[in-house]
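A.B. asks: no sequence on hand, only this structure:
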């Protein structure tokens, strides 16, 4: 049986609920309790640390929205290439809010086992964001 469409939906749902709907319960629903999170902002393990990362982003960019450019799935990994836009409305990387719009692209990967994300990677250009907010 081809499970790839199901895995793809898990990755898409996680991204949609967290970033577009600001629904942190998606972390409890879809992330394994001991999931490993790899990010340019640091490496973390577990749901609570993931929630803290998301809260930090949403505090700085409360109107953040993400649109997928494409999504692919192979074996147990879902890869999303996305475009993000927001306004800088809270402190980010020691920069006070400017209200300036930002836009950037990135890639997220989700390794899924038993319908839970067990490993998560996110890659984007942080310096590009900092340049936009001044």
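C.D. replies: Okay, I see it. For clarity, every value in this text was computed on a predicted model and none was experimentally measured. Numbers count the residues shown, from 1 in each chain.

A.B. asks: contacts for the helix or strand bottoming out on mean pLDDT in the chain next, please.
C.D. replies: Lowest on mean pLDDT, DSSP states H and E among the helices and strands of the chain sits strand 42-45, with a mean of 90. Under the contact criterion CB atoms under 8 Å, 6 or more residues apart in numbering, strand 42-45 has outside partners 34-37, 50, 53. C-beta: built from backbone N, CA, C; applies to glycine.

A.B. asks: kindly give a single PyMOL line that selects the buried subset of those.
C.D. replies: To isolate the buried members of the contacts of strand 42-45 in PyMOL, using 16 or more other CB atoms under 10 Å:
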select buried, resi 35+37+50+53
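
A.B. asks: ok, the helix or strand containing residue 122: who's next to it in the sheet?
C.D. replies: Residue 122 belongs to strand 116-124 when assigned by DSSP states H and E. Applying DSSP bridges to the sheet, strand 116-124 is found paired with strand 31-39 (parallel), strand 101-113 (antiparallel).

A.B. asks: out of these, flag the one nearest residue 4.
C.D. replies: With CB to CB as the criterion, residue 4 lies closest to strand 101-113 of the strands paired with strand 116-124, at 10.4 Å.

A.B. asks: average pLDDT across that closest one?
C.D. replies: In this model, strand 101-113 has a mean pLDDT of 97.

A.B. asks: mind listing what's buried in that strand?
C.D. replies: Buried, per 16+ other CB under 10 Å, within strand 101-113: 102, 104, 106, 108-112.

A.B. asks: ok so, going back, show me what secondary structure element comes after the least confident helix or strand of the chain.
C.D. replies: Using DSSP H and E, the helix or strand that follows strand 42-45 towards the C-terminus is helix 47-60.

A.B. asks: which strands or helices does the following helix or strand past that following helix pack on?
C.D. replies: The element immediately downstream of helix 47-60 (helix or strand, assigned by DSSP H and E) is strand 65-74. Under the contact criterion of 3 or more CB pairs under 8 Å, 6 or more residues apart in numbering; DSSP states H and E, strand 65-74 touches helix 4-15, strand 77-87.
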